[in-house]
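Engineer: sequence plus predicted model, see below.
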Amino acid sequence: MSGESLTRYERLIADLEAAGAHYRLIDHAPEGTTELVSALRGHDVAQAAKCLIVMVKVGKKQTRHVLAVVPGDARLDLQAVKALLDGTYVAFAGKEKAEELAGSVSGTVLPFSYHPKLEVIADPALLQVPELYFNAARLDRSIALATDDYRRLAAPRVAPITTAP
C-alpha cells in the first residue's frame, strides 16, 4: 500500500509502530477543542500538544507554513514565529489551507508534518512532560505518546514560541 492511500491516522500508527514508539490509544467522544478533549482523556491540559498552522511571509515573494506545537494551556506567540523565520508578516493559516497541509480536519491536526512545505516548530515547554496527548487525525481517538519518541520521530525545530502566562 502506498503512503498516499493510507489515511493520516493509519500512516501515523504505521510510523509509530515501525519506529517502536511507546504510545497508547484513547477512545473518547468526538471533540477537537484542546481544553475539552484533555478533560475527556483525563490529563492536565499542559500535556496536550496543541497544533496550529501559521503562515509566514518572508518578503513579498516567499510564503512559508509552520506547524506550531505548543502546550495545550499556552498561547502561541505569532510574533516569535515571525521573528524566528525572519518574516515580514504572520497570521494563522486559513482553515482550508491548514487542513490541506495537515491532511486532516481542524481539531485533529497532528504534531507531525507529512507535507514537505510544513515545518514543525515545538515550544520547549511542551517537551518537559513525559507524555504528550493529541488527537490522532480524528475527533474520536487520541494518542498518548512518550515525549522522547515524539521528539525523535517529529524532529521539530525547538524554539520558544509561546507568550508568557
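Structural biologist: Arrived safely.
Engineer: return the residues in contact with residue 43.
Structural biologist: Neighbouring residues of residue 43 by CB atoms under 8 Å, 6 or more residues apart in numbering: 133, 144. The way it works is simple: take the backbone N, C-alpha and C, and place the C-beta from them, glycine included.
Engineer: number of nearby residues for residue 33?
Structural biologist: Burial measure for residue 33: 10 neighbouring residues, criterion other CB atoms under 10 Å.
Engineer: is the nearest residue to it once chain neighbours are set aside in a helix, a strand, or coil?
Structural biologist: Leaving aside its chain neighbours, residue 33 sits nearest to residue 107 (6.8 Å; criterion: CB to CB, 6 or more residues apart in numbering). Three-state assignment for residue 107 (DSSP: H, G, I helix; E, B strand; the rest coil): coil.
Engineer: hmm, residue 107 is touching residue 30, no?
Structural biologist: No: between residue 107 and residue 30 there is no contact under CB atoms under 8 Å: 9.0 Å.
Engineer: distance across stretch 98-109, terminal residue to terminal residue?
Structural biologist: By CA to CA, to the nearest Å, the extent of stretch 98-109 from end to end equals 9 Å.
Engineer: if you count neighbours, what's buried in that stretch?
Structural biologist: Across stretch 98-109, burial judged by 16 or more other CB atoms under 10 Å covers 98, 99, 101, 102, 103, 104, 105, 107, 108, 109.
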